[in-house]
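**Student:** my questions are about this predicted structure, shown below with the sequence.
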Amino acid sequence: MIRDSIQGKAWKFGSNVSTDSIAPGRLISLRSNPEEYAKHVMEDARPEFAKEVKKDDFIVADRNFGCGSSREIAPIIIKLAGVGAVLAKSFGRIFYRNAINNGMLIIECDTDQIEEQDELFVDVKNRVIKKINDPEFEMPFVLSEKEVKIINEGGLLNYIEKYNSLSI
């Protein structure tokens, strides 16, 4: 379920962060234990991330976040690690659908003005991102009602089971 707002710290990443960096391939045997796999999320991109990320912190990336293989476990372990949302200029197409289908909030936006450690306030209801220490900063974003409905149900399968329908 998407809350009306989320507040947390920004963790900056660059462009082309692959699903192999998100969910390390050498640990793929952990995919049957997502909670354990989440303890290693982003380990290849930033070794300290999984140990230091706090509930509702944000992954903030440049372009093409989640590119590469269609590793469905990638958004699942990001969510299980407690990340409130992933903000990026763009996402790998398959990652984007896997994230929404698994109930992970992802937001396409211009991330250039967000710095490492910025405290962010994401107002999901009004579709705007704010910085806690910069009252002037407001960045609107788009999130479709269809995506909100799927995420609010915890993913596409839960949505289909609840409403016995694919129509949204």
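**Tutor:** Ah, there it is. Residues are numbered from 1 along each chain as shown.
**Student:** below-threshold pLDDT in this protein: ranges please.
**Tutor:** In the predicted model, the chain carries pLDDT under 70 at residues 1, 166-168.
**Student:** ranges for the helices of it?
**Tutor:** For the chain, applying DSSP state H gives helices covering 19-22, 34-37, 49-52, 73-80, 93-101, 145-152, 156-163.
**Student:** would you convert those helices into CSV that also reports distance to Val86 and mean neighbour count?
**Tutor:** Placement of C-beta: from N, CA and C, glycine included. Listed next are these as CSV, based on distance: least, C-beta to C-beta, whole Å; neighbours: other C-beta atoms under 10 Å:
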stretch, distance to Val86, mean neighbour count
helix 19-22, 10, 22
helix 34-37, 17, 16
helix 49-52, 13, 14
helix 73-80, 7, 24
helix 93-101, 7, 20
helix 145-152, 12, 16
helix 156-163, 18, 14
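**Student:** so can I have JSON lines of those helices showing distance to Lys131?
**Tutor:** Output for the helices of the chain, formatted as JSON lines (distance: least, C-beta to C-beta, whole Å):
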{"stretch": "helix 19-22", "distance to Lys131": "25"}
{"stretch": "helix 34-37", "distance to Lys131": "32"}
{"stretch": "helix 49-52", "distance to Lys131": "20"}
{"stretch": "helix 73-80", "distance to Lys131": "22"}
{"stretch": "helix 93-101", "distance to Lys131": "24"}
{"stretch": "helix 145-152", "distance to Lys131": "23"}
{"stretch": "helix 156-163", "distance to Lys131": "32"}
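**Student:** ok, Gln117 - how many residues close by?
**Tutor:** By the criterion of other C-beta atoms under 10 Å, Gln117 has 9 neighbours.
**Student:** residues contacting the residue lying closest to it once chain neighbours are set aside?
**Tutor:** In space, Gln117 comes closest to Lys9 once its chain neighbours are excluded; the distance is 5.9 Å by C-beta to C-beta, 6 or more residues apart in numbering. Lys9 makes contacts with Lys54, Asp57, Phe58, Gln117, Asp118, Glu119, Leu120, as judged by C-beta atoms under 8 Å, 6 or more residues apart in numbering.
**Student:** tell me what the last one is bridged to.
**Tutor:** If I follow you right, that is Leu120. With DSSP bridges as the criterion, Leu120 is bridged to Gly8, Lys131.
**Student:** so it makes contact with Lys130?
**Tutor:** Yes - with contact defined as C-beta atoms under 8 Å, Leu120 reaches Lys130; the gap is 7.1 Å.
**Student:** endpoint to endpoint, stretch 63-83 covers what distance?
**Tutor:** From its first residue to its last, stretch 63-83 covers 19 Å (C-alpha to C-alpha, to the nearest Å).
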